[in-house]
Every structure is written in C-alpha cells, then in structure tokens.
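[1] Okay, here's the prediction I keep looking at, along with the sequence it came from:
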Amino acid sequence: MSNKNLIEAWIGDLRRVLGATSMKVSDVRIGVFYTAAQLSNGYTGVAFTPRGLTDTVCCPKSASVAPPAGRLAGQDAWQLTDYALSPVPLRRAVGVAVLNALSATAMDEHGVPGGQVVSGMDALKAAGVCPDDRVAMVGGFLPFIKALKGQVQALWVVDKHPEALKEDELPFWRAPAQAADTLSQASVVVITGSSLVEGGIDELLDSAQSARRIILAGPTASPWAPPFFERGVDVLGGIRVLDGLKMLQVVAEGGSGYFFDDGAEKVCIVKDSG
C-alpha cells in the first residue's frame with residue numbers, strides 16, 4: 001500500500017491514467033450545499049460545500065485564503081486538484097469537485113479497473129447488508145437509517161449533530177470522539193463522501209479495517225475508484241452527472257442532493273469480489 005494519503009493517491013493515479021491530457025476548468029459554482037466544477041471537455045463533478053466555517057467573514061484575512069473568486073474558470077484542471085489538499089475547507093471543496101470531474105473522464109475512457117458501475121443500485125444492497133450486521137455510519141444518512149433501524153443487529157450513527165435524528169433514533173447516536181471505537185466494532189461501515197472535503201477519511205478507513213464491507217456514499221463519493229478499492233472501500237455510492245449545465249444551475253441556486261435528479265443519476269461503483 002502506498003504511503004500517500006488517499007487524496008494524494010487519487011490525484012496521482014488520475015494523472016497516471018489520463019497522462020499529459022491538458023484540460024481547463026471552464027466553470028466553478030460554490031453553492032450553499034454543494035460545489036460544482038465543469039471541465040473544458042464537458043465533464044462535471046460535484047463536492048460537498050463545508051458549512052459552519054469560522055473563517056468565512058468578509059475581511060482581507062479570510063479573502064486571502066478563500067478560492068480566488070473570479071479567477072477559477074480558465075485555470076488548468078490539474079492545478080486546481082491541488083486545492084483538495086489545502087488546509088482551507090472551501091478550497092478543498094473546489095479541488096474535490098474537479099477531481100470528480102476528472103474521475104468521470106477517466107471512467108468513460110477506461111472503465112473501472114477492479115470493479116463495475118451499476119446504475120440505480122442502492123449502496124446497502126450493493127454491500128449485501130444482512131440482519132446479522134453491525135452497521136456504523138459516519139454522517140447521518142437519513143434514508144439509510146430508515147432502511148436499517150430494526151433490520152440489523154446493531155446500528156450506530158457518528159455525527160456532529162444529534163438534533164438531526166428523530167427521537168427514536170437518538171439511541172443510535174455516537175459523538176465524533178467515539179468514531180474510531182465505534183467503527184472498529186462494525187461489520188459494515190458507511191462513511192459520508194463529505195469526509196473527502198471535511199478531512200479525516202484516512203483515519204476513518206484505518207478504524208474500519210475489521211469491517212467486512214466499507215461503503216463511501218453521497219454525491220461527493222464519485223471518484224476514480226482504484227485508489228479507494230486499494231484502501232478498503234468496497235462500494236462507492238455516488239452519482240454520474242448526465243447534464244452538466246443543469247447541475248451547475250442547481251448547485252448555484254442552492255440545491256442539495258435532493259435536487260440532483262434532473263442532472264444526474266445515482267450509481268454504485270462496486271469492487272469486484274475475489
């Protein structure tokens with residue numbers, strides 16, 4: 001296994017696969033819930049926009065580290081992928097969105113080595129979750145919670161916001177400080193794709209090593225899959241953008257993932273067994 005962190009491995013493998021292909025970023029939209037980036041080849045990627053930021057005040061200090069508004073479109077795509085490694089959350093969102101657009105390019109050109117893309121499949125079904133499983137989620141996936149409660153041996157939800165859970169779901173809640181211990185006890189781990197932006201994905205995957213299945217889910221979880229397979233991820237429950245202009249519009253108008261159906265389809269990228 002590489003000593004690089006997962007984001008570095010993602011960037012490096014995409015560069016290897018796409019070679020010296022030169023692409024510009026033609027459009028970037030930083031919305032309330034999601035960030036979108038479109039490449040000059042037409043491919044579009046999205047990423048979670050971090051919220052609750054402490055550095056988003058309108059002053060010279062915060063402006064100096066924010067993405068350079070008005071100058072992102074037209075930049076070299078590979079240059080902007082480095083934003084995914086930035087300590088600044090909004091820059092990371094732009095970088096991951098560009099990486100997802102490059103990933104869509106790579107998958108169309110080369111398929112998915114070591115796996116397959118399945119349109120419309122539920123990520124829990126793709127992972128083969130069964131009644132004997134102990135499921136740990138990082139991030140409160142409300143549709144997943146609804147599908148799993150009372151259907152598995154144990155269910156734990158690691159989230160910063162217990163208020164997002166219903167009263168009968170509060171017993172599932174675990175604080176972020178309990179993440180490592182909770183994931184180590186799970187047979188199935190579900191991690192939000194937003195961890196690629198918010199940070200901590202490598203530590204979460206390390207804690208989940210004893211799980212029989214690891215799922216990365218959400219619109220942000222739409223990457224070039226091989227580096228993720230190598231780090232133990234079995235299912236990427238993301239999206240495939242079908243209408244880039246529509247996605248740019250939805251993101252710019254403050255749309256969350258619930259509004260993505262007009263511009264994208266849900267897909268699962270599933271690691272081959274064996």
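    Thanks, I have it.

[2] quick one: least confident helix or strand in this structure?
    helix 60-65 (a mean of 54; mean pLDDT, DSSP states H and E).

[3] Give the rounded mean pLDDT of stretch 186-202.
    The pLDDT scores in stretch 186-202 average 96.

[4] Ends of that stretch, what's the gap?
    Stretch 186-202 has an end-to-end distance of 17 Å (criterion: C-alpha to C-alpha, to the nearest Å).

[5] Low-confidence stretches in this protein?
    1-3, 52-65, 274 (pLDDT under 70).

[6] One more pass at 80, please.
    1-3, 20-21, 52-66, 274 (pLDDT under 80).

[7] Show the residue spans covered by the helices in it.
    Per DSSP state H, the chain carries helices over the ranges 6-18, 60-65, 77-81, 89-110, 123-126, 142-148, 179-184, 195-198, 201-207, 226-230, 244-252.

[8] will you turn these into CSV that also has mean neighbour count and distance to Ala264?
    All C-beta atoms are positioned from the backbone trio N, CA, C, and that covers glycine. CSV is the format used below for these (neighbours: other C-beta atoms under 10 Å; distance: least, C-beta to C-beta, whole Å):
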stretch, mean neighbour count, distance to Ala264
helix 6-18, 19, 20
helix 60-65, 10, 30
helix 77-81, 20, 20
helix 89-110, 24, 10
helix 123-126, 22, 15
helix 142-148, 16, 17
helix 179-184, 19, 29
helix 195-198, 24, 17
helix 201-207, 19, 22
helix 226-230, 20, 19
helix 244-252, 21, 6
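
[9] nearest to Val117, of those helices?
    helix 89-110 (7.0 Å; C-beta to C-beta).

[10] Just name whatever secondary elements the closest one is in contact with.
    helix 6-18, strand 25-30, strand 34-39, strand 44-48, helix 77-81, helix 195-198, strand 235-241 (3 or more C-beta pairs under 8 Å, 6 or more residues apart in numbering; DSSP states H and E).

[11] Was I right to think Val197 contacts Phe48?
    Yes - at 4.9 Å, Val197 counts as touching Phe48 under the criterion of C-beta atoms under 8 Å.

[12] okay, now the domains of the protein?
    6-110, 115-271 (automatic domain parsing).

[13] Now find how far off-centre stretch 144-161 is within its chain.
    19 Å (C-alpha atoms, centre = their mean, to the nearest Å).

[14] Now do that stretch: everything it contacts.
    122-124, 129-140, 165, 168-169, 172-176, 178-179, 182-183, 185-186, 190, 217 (C-beta atoms under 8 Å, 6 or more residues apart in numbering).

[15] check contacts around Val241.
    Tyr43, Thr44, Gly45, Val46, Ala104, Met247, Gly263, Ala264.

[16] ok, the second one touching Leu248?
    Yes - contact status for Thr44 versus Leu248: in contact at 6.8 Å, counting by C-beta under 8 Å.

[17] Overlap of the contact sets of the two?
    Common neighbours of Thr44 and Leu248 (C-beta under 8 Å, 6+ apart) are Ala36, Gln38.
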